[in-house]
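# need the 3D shape of this:
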Amino acid sequence: MSNDELIETFCDRLWAQRGLSDNTLAAYRSDLQAFARHIEPLKLGLLAVQQAQVQEYLDWRHSQGLARSSTARSQSSLRRFYQDMVNQGAIQADPMVTIARPKLSKKLPDTLTESDVESLLAAPDDADPVQCRDRAMMELLYATGLRVSELVGLQLEQVGLRQGVVRVVGKGGKERLVPMGEQAQSVLERYLRQARGELLGLNRSDVVFPSKRGVQMTRQTFWYRIKHYAQLTGISKPLSPHTLRHAFATHLLNHGADLRVVQLLLGHSDLSTTQIYTHVAQARLQALHHEHHPRQ
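I've put the predicted structure just below:
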C-alpha cells in the first residue's frame, strides 16, 4: 500500500471500531500526512520507519517553533497508528515504543465572568431572524455546555422542549441528556416559532440552527458571530470555540455543582478531563474558606 492508502485504511478502521467523529479522523489524517510528507525525501514508506526517523521529525517540529500541543497531538496520532500497524501484523516492531511521551502543562481554559455572559447574551436583537438565532444558540450553549460541533449539528428530533432537555450525540457516538433550563428553553421556543422558518426559506432541513442560506452552519461562522457580539459589548477577552462551554462548567462549580455532575453534562469520559475546571473555579473555594475556616 502507498502511504495515503495506509492512512485512509487506518482512519476507516478507527471509524468502524471506535465511531470517532469526522473532526477527530481529520486530525489523525492531517498528522499522519504531515509526517509522510516529511519522510518523503528519505524514500521511506510509513511501514519502513524506525525510531530515529520519528525522533528526528519531532525534533524538527521543535526547531521550527511549532506549538508543543500540536507536536504532542502529532505524536499521539503516530503512536496510535503504529500500535494499529503492529496489531494488524503489518510491522513487527513499534518505532514509538522508546519515544518519551511529552509533558505538557495543563493550560487553564479562558472563561468569561457571569456579567460578561449576561452582556453577551443580551447583545442580539430578537427582532432580526439572524440575531434571534444567534441568541438562541448562545443561550443554549451556555445553558448546556455543548461542544460547538454538537450545537451546529443539532437536529430537531434531539430537542425535547416539553421535557426541557437536549439529547446529544457526543464523541464516540455516546449519547447524553442535558437539561437546558427555563431561560434557554423560552428563548429557543421563541426562535423556533418566529425566526427559523424565515432562515430556512424554501429549504427543507431538520437542523435546528440553519445559516442565512438555509443550510447547516459551520463552527467557524458561529464563532465569527460570537466575536461580533463580544465587540459590540466591549468584551476584550480572547474568545475560543469553547469559551461559553468553559463558562458553563466554571460557573456551575462556582455555584456548588458536583464535579461528577459537570463531567456527565460535558460528556467527558474521564473525570480528570473535567478536573481542570476546579483550578478555574477559585471564587467559590476562596469564599467557602473565608466563610467557614476558624482562623478567618
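
# and the gap between residue 230 and residue 132?
18 Å (CB to CB, to the nearest Å). Backbone N, C-alpha and C define where each C-beta goes, glycine included.

# between the two, who's got more neighbours?
Neighbour count, other CB atoms under 10 Å: between residue 230 and residue 132, residue 132 has more, with 23 against 20.

# so which strand or helix has the more buried one?
helix 129-144 (DSSP states H and E).

# which strands and helices sit next to the very next helix or strand once past that helix?
The C-terminal neighbour of helix 129-144 among helices and strands, as given by DSSP H and E, is helix 148-152. Counting contacts by 3 or more CB pairs under 8 Å, 6 or more residues apart in numbering; DSSP states H and E, helix 148-152 packs against helix 129-144, helix 219-233.

# returning to that earlier point: now the angle between helix 219-233 and the helix holding residue 132, please.
Interaxial angle, helix 129-144 versus helix 219-233 (axes from the mean of the first three to the mean of the last three CA atoms, to 10 degrees): 100 degrees.

# packing partners of helix 129-144?
helix 114-122, helix 148-152, strand 165-169, helix 181-194, helix 196-200, helix 219-233, helix 243-254.

# give me every residue that touches the closest residue in space to residue 62 that isn't next to it in sequence.
Leaving aside its sequence neighbours, residue 62 sits nearest to residue 71 (CB to CB, 6 or more residues apart in numbering; 6.7 Å). Residue 71 makes contact with 58, 61, 62, 102, according to CB atoms under 8 Å, 6 or more residues apart in numbering.

# next: residue 74.
Here residue 74 is in contact with 31, 34, 35, 58, 61 (CB under 8 Å, 6+ apart).

# tell me, how many neighbours does the third one end up with?
So the one you mean is residue 35. For residue 35, the neighbour count with other CB under 10 Å is 24.

# same question, the last one
Using other CB under 10 Å, residue 61 is surrounded by 19 other residues.

# for the contacts of residue 71, which one is nearest residue 139?
residue 102 (38.1 Å; CB to CB).

# over to that closest one. Which of the three states is it?
At residue 102 the chain is in coil, as set by DSSP: H, G, I helix; E, B strand; the rest coil.

# go ahead and confirm it touches residue 70.
No: judged on CB atoms under 8 Å, residue 102 makes no contact with residue 70 at a distance of 10.7 Å.

# extract the CA atoms of the strand or helix carrying residue 56 and return them as PDB.
Taking DSSP H and E as the criterion, residue 56 maps to helix 51-63. Taking Å, rounded to 0.1, in the frame of the first residue of the first chain, the C-alpha atoms of helix 51-63 are listed here in PDB:
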ATOM      1  CA  GLN A  51      12.600   5.200  15.900                       C
ATOM      2  CA  ALA A  52      15.300   7.500  14.600                       C
ATOM      3  CA  GLN A  53      13.200   9.000  11.800                       C
ATOM      4  CA  VAL A  54      10.300   9.700  14.200                       C
ATOM      5  CA  GLN A  55      12.500  11.300  16.700                       C
ATOM      6  CA  GLU A  56      14.100  13.500  14.000                       C
ATOM      7  CA  TYR A  57      10.700  14.600  12.900                       C
ATOM      8  CA  LEU A  58       9.700  15.600  16.400                       C
ATOM      9  CA  ASP A  59      13.000  17.400  16.900                       C
ATOM     10  CA  TRP A  60      12.400  19.200  13.600                       C
ATOM     11  CA  ARG A  61       9.000  20.400  14.700                       C
ATOM     12  CA  HIS A  62      10.500  21.700  17.900                       C
ATOM     13  CA  SER A  63      13.200  23.600  15.900                       C
END
